[in-house]
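# below are the sequence and a predicted model; questions follow.
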Amino acid sequence: MQLRGLLLLLVLILVAAAAEAGKNKKEKAKKDGSKCEDWRWGPCVPNSKDCGLGYREGTCKDESKKLKCKIPCNWKKKFGADCKYKFESWGGCSAQTGLKTRSGILKKALYNAQCEEIVYVTKPCSSKIKSKSKAKKGKGKD
């Protein structure tokens, strides 16, 4: 019986400690937060090269902040990391240009980024002919 009481007391202490830790985190976030609501955010600037971890600067009246951000290294740099698009399937190959084209419609603009509503991308046509059926090796032969 004493063991149960001791375990119950231990559980209550752990729950209270966890609740207090969560409360402190919320208070800390409020201290770091700003009353300003009209933040203007710049583009994500990578720390080195043209992709990877970096930061973006924001301003609101007389205040300024820096937020950590990341530009994926396989991202379409032409559109910016803050513009997210939904792309259609690739179109047919143009015999005149040797390129395929597809369009993308703006899905989301992060941090009030200035994004184009529709974008177009091209890529060279594949010179390889893909075969849908592959021959199975070693089956049915004696």
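Perfect, thanks for sending it.

# parallel or antiparallel, which strands does the longest strand that the chain contains pair with?
Using DSSP state E, we find that the single longest strand of the chain is strand 99-109. Strand 99-109 has its sheet partners listed here by DSSP bridges as strand 83-87 (antiparallel), strand 118-124 (antiparallel).

# can I get the last one as PDB, trimmed to CA atoms?
Output of strand 118-124 as PDB, limited to C-alpha atoms (Å, rounded to 0.1, in the frame of the first residue of the first chain):
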ATOM      1  CA  ILE A 118       1.400  30.900 -63.200                       C
ATOM      2  CA  VAL A 119       5.000  29.800 -64.100                       C
ATOM      3  CA  TYR A 120       6.300  27.800 -67.000                       C
ATOM      4  CA  VAL A 121       9.200  25.500 -67.000                       C
ATOM      5  CA  THR A 122      10.900  23.600 -69.900                       C
ATOM      6  CA  LYS A 123      13.400  20.700 -70.100                       C
ATOM      7  CA  PRO A 124      15.100  18.900 -73.000                       C
END
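
# so which of the strands paired with strand 99-109 is nearest residue 17?
strand 83-87 (40.5 Å; C-beta to C-beta). To be clear about C-beta, it is placed using only N, CA and C from the backbone, and glycine gets the same treatment.
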